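Trainee: coordinates only, sequence not included:
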């Protein structure tokens, strides 16, 4: 069974631009979560989607948004990029409640 | 609020030796799950081990085992016979009944040849 995939793997943007990241979960997994990982802040939870509905949300500004499609694929969008948005963005999927999360390789975003 | 604390930002161990990584958490829940994840340098985060809070028996996976102390809210990871491939960032994580994951800040482990 294929693992969690994320595209693109690397991205360079400039301040003020917007970006869309994509995540394809493991087949059969209906939950997709997004995390921001930085050296100083560790792993910060952004949001989780389950069956196309946002189930949980972390403490990030409204510039960070996401959605999930009927095939469980998810996208995350960041508008009006700031230098501090430079990070590794991780996607993780799981089958359901109380299940183990499986992570993708991440998208490394650099904002100049 | 749920929190996960890893008090050791960095650790090192000699190859073939044993090392223990500490993790404490805070929750008022009774049923939950705990995890240790490993993130090798520039590589994908993978699950090391999982523990259900309702189980008194400590989970083991080959060279990896946990010491789960529910009353103390402690969940340490023991790595036996350390190998060079164990060099990684290790994250302790907790999932609450609301299904949200909480991660610690990580412990960077270096295995020295």
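Mentor: Received the coordinates, thanks. What you see is a predicted model; the values in this text were computed from it and never measured. Residues are numbered from 1 along each chain as shown, chains lettered A, B, ... in the order given.
Trainee: how about the strands in chain B?
Mentor: Counting by DSSP state E, the segments of chain B that form strands are B:3-5, B:10-14, B:19-21, B:24-26, B:33-39, B:46-52, B:60-61, B:64-69, B:74-79, B:88-95, B:101-103, B:107-112.
Trainee: list the buried residues for the last one?
Mentor: Buried positions in strand B:107-112, judged by neighbour count with 16 or more other C-beta atoms under 10 Å in any protein chain shown: B:107, B:109, B:111. Any C-beta I mention is one placed from the backbone N, CA and C, and that applies to glycine too.
Trainee: what's the answer for the second one, then?
Mentor: Along strand B:10-14, these residues count as buried under the neighbour rule (16+ other C-beta under 10 Å): residue B:13.
Trainee: report whether it contacts chain A.
Mentor: No - with C-beta under 8 Å from any C-beta of the partner chain as the measure, strand B:10-14 is seen stopping short of chain A, the closest distance being 12.7 Å.
Trainee: just checking, what packs against the least confident helix or strand in chain B by mean pLDDT?
Mentor: Lowest mean confidence among the helices and strands of chain B (mean pLDDT, DSSP states H and E): strand B:101-103, at a mean of 88. If contacts are counted by 3 or more C-beta pairs under 8 Å, 6 or more residues apart in numbering or on different chains; DSSP states H and E, strand B:101-103 sits against strand A:42-50, strand B:3-5, strand B:88-95.
Trainee: do you know how far residue B:13 is from residue B:35?
Mentor: Distance of residue B:13 to residue B:35, given as C-beta to C-beta, to the nearest Å: 21 Å.
Trainee: re the thing from before, hey, least reliable of the strands of chain B by pLDDT?
Mentor: With a mean of 88, strand B:101-103 has the lowest mean pLDDT of the strands of chain B.
Trainee: out of everything not next to it in sequence, what's closest to the most centrally placed residue in chain A?
Mentor: Residue closest to the mean C-alpha point of chain A, counted by C-alpha atoms, centre = their mean, is residue A:34 at 3.3 Å. Closest residue to residue A:34 apart from its sequence neighbours, by C-beta to C-beta, 6 or more residues apart in numbering or on different chains: residue A:46 at 4.1 Å.
Trainee: quick check: the residue nearest the centre of chain B vs residue A:100, distance?
Mentor: Closest residue to the average C-alpha location of chain B: residue B:36 at 3.5 Å, with C-alpha atoms, centre = their mean. For residue B:36, the distance to residue A:100 equals 11 Å [C-beta to C-beta].
Trainee: picking that back up, nearest to residue A:72, out of the strands of chain B?
Mentor: strand B:101-103 (17.7 Å; C-beta to C-beta).
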